[in-house]
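Participant: got a predicted structure plus its sequence, pasted below:
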Amino acid sequence: MKTIVTVIVVILSIAGFVLRVAAQEPEGYKVPAMPNPAARKAVLEKEWAAMQANPPQIGVRDCFMFLADALDTRFLKDEQVEWLLKKVQTRMITDPAAGRIYGNIFWGWQERGFDVGDGNNVQFCVQYGILVKLLFNDRLSKAAVKTLDEIFMLAGNGVLNQEVRISYTNIYLMKIWNLLALGQVYHRPAMLESGRKLFDTWLNHVAQYGNREYDSPTYSGVDMESLLLMHTFLKDNDIKTKTADALNFLMTDLSAHYNKRAGILGGAHSRDYNRVFSRDLLEEKYINPLLGGQNNNVHLFNQICLSALQKLGLSASQKELMNRKNRFIVQRWDSLANTYACDFVGNKVSIASSNQTYSPDDKPFVVYLSSERIPAMPNIAYVLEGRDDHYGTWAATGMGEKMKSRMPANYPANGGWNKTRHLMPFLQSAQNKAEFVLLAAGEKDHNCTNDYLNSTIILPNVFDEIWMGNKKINVPDAGKGIELDTSRTFFARFEDVAISFRLIWDDTGEGRASLYNDGFNYQSSREQFQLKHNKTMRLTLRHSNNGKAAIAMWWKVEEGIKTAADFLKFRKKVLSAPLIVNVQNGVVEVAVVTANGKLGVKADLSSKKRLAYYNPSPLPASFLFQVDGVEIGRPIMQKYKVK
């Protein structure tokens, strides 16, 4: 009799647990409609077919995103959902001896042992999958509920135990959302508290140092996803209030840099997988649809996040900021010294620089052009690389596998050989609104395949005229190049915008860059969109064969160049400006005497120390996020700064 009573109690406890979980769906929340149901159905059919291949041809994490769509549309039968969940369950680390990766989830379907492929995968799986519990738990069979609960109870260990540095913003925020959501859904106060503490720690970090993973076309979108999910589905009012402030700070940052006409995020970027044209998850799935552009979302997860963003909208101040002409942005992005970026946004042109490298995917020196005639075109960007991969096509063309024989011995596991990679050189820059002087110095690393390095400036092939020094030239024929003259200066005019690049100094001994037309046309490989004006060319300086490179340049843009006389005056101003170059015992001082005053930098390249900045308008001594000299970041985040 006692045994029967015990069994009944256990059954009732389990039933009560399931009912409590089912009741987690937010009151009054309505699952958003998809913009194109037919397109979503086509994707569902394609992904379901891929799932049934042997091995499956869909990532493990994508199974959770697929499942939310399948349940929303009742695409699968109960037994198919059960099969899918059991299949996913086989990709978990179930051995407690695995230590910190216990409960993690394999990236793909062929990894074995304790090698999960990517330790972040458990975070992505829970970020996507927990929405199934929140929104569709009542559509699952008892068997499916049991398996999904087993997955999440085990995955909770993987989420909690994965070490994520605070500077890894998108995964850090994802971990916070996962802990808070799992804690709420499964009534685990300790997990909720762990998420709350991590969130408070992150808020304090941002309040003091800014967002380290700053202005990334990909990862700003991932940051936004976790924050939007927190704001939409969490019940804790304290967390919701804090999340609203975090979203306000993030959206203020993005609004300040955003180019609505081109549909791109401007400014320097911490990580940007598109070297030629900056448009990725952030723009395609969120900001462009928010601003009235076409909504191409085919997965419910993205549509849920977009719906939450649309509900919040942009504030009046954020809209004003996005439309303000000739704004100058200065932002801090990490606790390390000298980690800041500047961006000047005019009408048809913006120019940005970062004073320190972030990653082998960053975009630290960049100019964007846009007009009513040509809203979107390839960006102008500087890259130092050692693969002859000037346009960043290495990953899209599968060069990683083709060049596997060139991969160094003991290549680091997280080196990203198959990805598009450039160097992470020492950088220093001084920007005075629409012009800056940059200094870059690096040497061959494990991602290089050549003994020489290339300094390349990517250029759109849309200019109305181009000059080298005092000579007007034509764009070279495809496959041809033209060397810069002794002035080492390149000019271009696009409508009423003038652009110049002047080489101040480099380690090749007055080497000359050349303008090349490779006949390259940019094609999107991550998000599926068409860029009409996609022709590009490049300025490239090939450095010596010693695996080292150092270069200093002056970049300047100016609007209002309406006549030939205006353009002539601009060119004379650049060509006649005195240059200052002092190089001694590894210490390099480079500057230009501009109309506004001395602009340049001084650094010890031997010790990688920044020694001096010369700027007619010095940056403020202390700042978090400023626009036109007004601090707008601290008023939002100051309350979270731990003194």
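Facilitator: Structure's in. What do you need? Given the structure is predicted, the values throughout are model-derived calculations rather than measurements. Numbers count the residues shown, from 1 in each chain.
Participant: element containing residue 55, please.
Facilitator: Per DSSP states H and E, residue 55 falls between elements, in no helix or strand.
Participant: list the contacts of the residue nearest to residue 642 when sequence neighbours are not counted.
Facilitator: Nearest in space to residue 642, with sequence neighbours left out and distances taken as C-beta to C-beta, 6 or more residues apart in numbering, is residue 204 at 4.6 Å. In this view, the C-beta of every residue, glycine as well, is placed from N, C-alpha and C. Applying C-beta atoms under 8 Å, 6 or more residues apart in numbering to residue 204 gives the contacts 640, 641, 642.
Participant: could you flag which of those are buried?
Facilitator: Neighbour-count burial (16 or more other C-beta atoms under 10 Å) applied to the contacts of residue 204 gives residue 640.
Participant: would you mind giving the contacts of residue 204 as JSON lines with secondary structure and distance to residue 561 added?
Facilitator: Shown next, in JSON lines, are those (DSSP: H, G, I helix; E, B strand; the rest coil; distance: C-beta to C-beta, whole Å):
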{"residue": "640", "secondary structure": "helix", "distance to residue 561": "45"}
{"residue": "641", "secondary structure": "coil", "distance to residue 561": "44"}
{"residue": "642", "secondary structure": "coil", "distance to residue 561": "49"}
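Participant: and the contacts of residue 204, which is closest to residue 586?
Facilitator: residue 641 (38.4 Å; C-beta to C-beta).
Participant: which residue sits closest to that closest one, ignoring its sequence neighbours?
Facilitator: residue 207 (4.0 Å).
Participant: which secondary structure element contains that neighbour?
Facilitator: Going by DSSP H and E, residue 207 is part of helix 189-209.
Participant: next one: phi and psi at residue 376?
Facilitator: Main-chain torsions, residue 376, degrees, to the nearest 10: phi -130, psi 130.
Participant: I meant residue 539, not that one.
Facilitator: phi -100, psi 120.
Participant: tell me the secondary structure at the nearest residue to it once chain neighbours are set aside.
Facilitator: Distance criterion C-beta to C-beta, 6+ apart; nearest residue to residue 539, sequence neighbours excluded, is residue 457 at 4.3 Å. Here residue 457 is strand, with the state taken from DSSP: H, G, I helix; E, B strand; the rest coil.
Participant: same thing with residue 389?
Facilitator: At residue 389 the chain is in coil, as set by three-state DSSP.
Participant: next: residue 331.
Facilitator: Once three-state DSSP is applied, residue 331 turns out strand.
Participant: who are the neighbours in contact with the residue nearest to it when sequence neighbours are not counted?
Facilitator: Nearest-residue entry for residue 331: residue 625, 4.7 Å, with adjacent residues in sequence omitted and distances by C-beta to C-beta, 6+ apart. Taking C-beta under 8 Å, 6+ apart, we find residue 625 in contact with 210, 249, 252-253, 256, 329-332, 631-634.
Participant: then residue 605?
Facilitator: By C-beta under 8 Å, 6+ apart, the residues touching residue 605 are 426, 441, 550, 586, 587, 588.
Participant: from these, list the buried ones, please.
Facilitator: The neighbour-count test (16+ other C-beta under 10 Å) marks 426, 441, 550, 588 as buried among the contacts of residue 605.
Participant: surely residue 244 meets residue 231?
Facilitator: Yes: using C-beta atoms under 8 Å, residue 244 is in contact with residue 231, at 6.2 Å.
Participant: the two: which has the busier surroundings?
Facilitator: Counting neighbours by other C-beta atoms under 10 Å for residue 244 and for residue 231 shows that residue 231 has the greater number, 20 against 14.
Participant: cheers, nothing more for now.
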